[in-house]
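In: Please work out how this folds:
(chains A and B)
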Amino acid sequence: MGEAIVVTSGKGGVGKTTTSANLGTALALLGKKVCMVDTDIGLRNLDVVMGLENRIVYDLIDVAEGRCRLPQALVKDKRFEELYMLPAAQTKDKHDVTPEQVSKIVEELKPDFDYVIIDCPAGIEQGFDNAVAGADQAIIVTTPENAAVRDADRVIGILDKRGLKSPKLIINRIRPSMMRSGDMLEIDDICQVLAIDLIGIIPDDELVIRASNHGEPTVMNPNSRAAIAYRNVARRILGETVPLMQLEEKTGMFGRVKKFLGMG
Amino acid sequence: MSVKSAVTIKGTKEGLIFLLDDECEFAALLDELNAKLDKHEQQLTGPMVHVFVKLGARRLEDEDIEKIRSVIRRQGNFLVQSIESAPEADKQKDAPLGLQTLTGIIRSGQVVRHDGHLLFIGDVNPGGAIYSTGDIFVMGALRGMAHAGCEGNETSIIAASLMTPTQLRIAEVISRPPEEWASAEPWMEYAYLRNGAMEIDKLTHLHHYRKEAMLFKGV
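Out: Down below sits the predicted model:
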């Protein structure tokens, strides 16, 4: 029996879909059987980030309404044998499916997969209810900004009420230089406010944008720092103890000389 | 008259209202009532008079009520219409508020409402709110909003281990840190009203403001 993990944030644009895609891929990379479920009905993105848009035949709404069987709607990834995705519908909206229907689909997936990663839409309305319905565990994605942390806090409160205790936190898009200069919230400050376990910190990386535009999850690129960070998160999900990434950028020759001269 | 009378009789259009003192002994009250009625015996004869007895905050057993009734009935022309105590709520207002303890974390969008003094052990995050009719003590970080004395008690205070709120309210007064005040060391502080304005001080100075509180003076 697999575990269903919902990736949510409250605020939009913090990287839920990117995180879902990369975590799903990283878990598959570690040999797990994974199904990603896009519950952002009407604004589906996960298929685009995964580069699987042109393989979609049926979607989540078709399954919910019985137009097809669940296995027919699953899209197999082009890179991994045991990575699948259940796409959202693009033409309908969030009200066309109920939390019970999504929950039923997730329950149906769990016996066949090690992990079911549910990509949640932004907001705390019906779409959120749908995404959270079938989940056993939650990962909250936030960025080092006040607005994102506020929304994450709200979402943690709502999840707690639904019985999804102790969600895990991913802090995304960290810019070490800004954090150092005090222009960005510190990791410690965020953890203190949200008071949940930190499961990963992801540095801001241009390669993420490039990768998602190519329909290729960043995690596949071992040169990307964000990729390493996502792989670390996946290992932590599997129960390994992996130390948090050192965020300091590698100092070049010039930096080392400056530091030596006491200017750094 | 040097001593305040335990029985006051007032005349209204409907009849007589007996206002009975609610602090003296019940026996003394009955004596006074007897004495008063004896004194006025002559004046109190004549047509039927309706009597309404008001006991104030005093609570009486049925048998004591019957005693009062029989005393008044001695006057042949008195008809006791009602014997009533003041509603409980009036009494509660004066009664000291109890302190209740709550633990948890108040996250964005969550609200705690409380009657009386509240000791909250945990953090109040930005976007979260605590309302209390009495004092609020936060053992943790107060980063959200706290409203003490929310039904108008201006002597209420708000205290916190870490005082970095988005807003503080005491009774009708609203303050917005850091525009109105900011503390360089926001630990173990409390907010109170002085001349209708919000002030912040260290908790160790609370005894300047709360003189009635029990003070430890050393052994």
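
In: in the chain, which helix has the most residues?
Out: Unless you meant another one, I'm taking chain A. helix A:146-161 (DSSP state H).

In: I was thinking of chain B, sorry if that wasn't clear
Out: helix B:26-39.

In: So which bits of it are buried?
Out: Within helix B:26-39, the residues that count as buried by 16 or more other Cβ atoms under 10 Å in any protein chain shown are B:29, B:30, B:32, B:33, B:36, B:37. All C-beta atoms are positioned from the backbone trio N, CA, C, and that covers glycine.

In: which residues pair with residue B:131 across the strands?
Out: residue B:113, residue B:147 (DSSP bridges).

In: Would you check how far apart residue A:22 and residue A:48 are?
Out: 14 Å (Cβ to Cβ, to the nearest Å).

In: farthest-separated two in the buried residues of helix B:26-39?
Out: Farthest-apart pair in the buried residues of helix B:26-39 is B:29 and B:37; separation 12.6 Å (Cβ to Cβ).

In: Wait, residue B:135 touches residue B:158, no?
Out: Yes. Using Cβ atoms under 8 Å, residue B:135 is in contact with residue B:158, at 7.3 Å.

In: got any residues that touch both of these two?
Out: Shared contacts of residue B:135 and residue B:158, defined by Cβ atoms under 8 Å, 6 or more residues apart in numbering or on different chains, comprise residue B:148.

In: Would you map out the domains in chain B?
Out: According to automatic domain parsing, chain B comprises the domains B:7-90, B:96-209.

In: Please name the nearest non-neighbouring residue to residue A:74.
Out: Spatial nearest neighbour of residue A:74, excluding adjacent residues (Cβ to Cβ, 6 or more residues apart in numbering or on different chains): residue A:84 at 4.5 Å.

In: Remind me which helix or strand that neighbour belongs to.
Out: strand A:83-86 (DSSP states H and E).

In: Check which helices and strands that strand sits against.
Out: helix A:16-29, strand A:34-38, helix A:46-50, strand A:75-76 (3 or more Cβ pairs under 8 Å, 6 or more residues apart in numbering or on different chains; DSSP states H and E).

In: Please state the mean pLDDT value computed over the helix or strand just after that strand.
Out: Moving toward the C-terminus from strand A:83-86, the next helix or strand (DSSP H and E) is helix A:99-109. In this model, helix A:99-109 carries a mean pLDDT of 96.

In: which other helices and strands contact helix A:99-109?
Out: Helix A:99-109 packs on strand A:34-38, helix A:60-64, helix A:70-73, strand A:115-119, helix A:126-133, going by 3+ Cβ pairs under 8 Å, 6+ apart.

In: can you list the ones you listed in CSV and add mean pLDDT and distance to residue B:98?
Out: Listed next are the helices and strands packed on helix A:99-109 as CSV, based on pLDDT from 0 to 100; distance: least, Cβ to Cβ, whole Å:
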stretch, mean pLDDT, distance to residue B:98
strand A:34-38, 97, 50
helix A:60-64, 96, 52
helix A:70-73, 96, 57
strand A:115-119, 97, 45
helix A:126-133, 95, 38
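
In: does residue A:36 really touch residue A:87, like I thought?
Out: No. The criterion here is Cβ under 8 Å, and residue A:36 misses it with residue A:87 at 9.2 Å.

In: So those two - more neighbours on which side?
Out: residue A:36 (32 against 29; other Cβ atoms under 10 Å in any protein chain shown).

In: Tell me what the more buried one is bridged to.
Out: Residues in beta-bridge contact with residue A:36 (DSSP bridges): residue A:85, residue A:117.

In: Let me know the distance separating it from residue A:23.
Out: Residue A:36 is 9 Å from residue A:23, by Cβ to Cβ.

In: shared neighbours of those two, which are they?
Out: With Cβ under 8 Å, 6+ apart, residue A:36 and residue A:23 have common neighbours residue A:117.

In: OK, contacts around residue A:238?
Out: So residue A:238 contacts A:27, A:30, A:32 (Cβ under 8 Å, 6+ apart).

In: In space, what's closest to the second one - neighbours in sequence excluded?
Out: Once its chain neighbours are removed from consideration, residue A:30 has its nearest residue in residue A:234; the separation is 5.9 Å (Cβ to Cβ, 6+ apart).

In: Next up, the contacts around the one you found.
Out: A:23, A:26, A:27, A:29, A:30, A:219.

In: Check for me that it belongs to a helix.
Out: Yes. Assignment of residue A:234 by DSSP: H, G, I helix; E, B strand; the rest coil places it within a helix.

In: Spatially, what comes nearest to the residue of chain A found nearest chain B if we skip its sequence neighbours?
Out: Nearest residue of chain A to chain B (Cβ to the nearest Cβ) works out as residue A:157 at 3.5 Å. Excluding the flanking residues, the one nearest residue A:157 by Cβ to Cβ, 6+ apart is residue B:107, at 3.5 Å.

In: Isn't the one you found up against residue A:150?
Out: No. Look at residue B:107 against residue A:150 with Cβ under 8 Å: they stay out of range, at 9.5 Å.

In: quick one: which of the two has more around it?
Out: Using other Cβ under 10 Å as the criterion, residue B:107 and residue A:150 rank with residue B:107 on top: 27 against 20.

In: Any residues of chain B in contact with chain A? List them.
Out: Neighbours of chain A within chain B, by Cβ under 8 Å from any Cβ of the partner chain: B:105, B:107, B:108, B:109, B:110, B:123, B:125, B:126, B:127, B:128, B:141, B:143.

In: Distance check, the first one against residue B:8.
Out: Separation of residue B:105 from residue B:8 (Cβ to Cβ): 55 Å.

In: What of the fourth one?
Out: Taking Cβ to Cβ as the criterion, residue B:109 is separated from residue B:8 by 54 Å.

In: again with the fifth one
Out: From residue B:110 across to residue B:8, the span is 51 Å (Cβ to Cβ).

In: picking up where we left off before, dump the helices and strands packed on helix A:99-109 to JSON lines, plus distance to residue B:187.
Out: Converted to JSON lines, the helices and strands packed on helix A:99-109 look like this (distance: least, Cβ to Cβ, whole Å):
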{"stretch": "strand A:34-38", "distance to residue B:187": "46"}
{"stretch": "helix A:60-64", "distance to residue B:187": "51"}
{"stretch": "helix A:70-73", "distance to residue B:187": "56"}
{"stretch": "strand A:115-119", "distance to residue B:187": "41"}
{"stretch": "helix A:126-133", "distance to residue B:187": "37"}
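
In: can you pull the contacts of residue A:45?
Out: A:17, A:38, A:119.

In: okay, it: pLDDT?
Out: Confidence score, pLDDT, at residue A:45: 93.

In: what's it sitting at in phi/psi?
Out: phi -130, psi -30 (degrees, to the nearest 10).

In: wait, what's in contact with whichever residue of chain B sits closest to chain A?
Out: When scored by Cβ to the nearest Cβ, chain B has residue B:107 as its residue closest to chain A, at 3.5 Å. With contact taken as Cβ under 8 Å, 6+ apart, residue B:107 is in contact with A:153, A:154, A:156, A:157, A:160, B:125, B:127, B:128.
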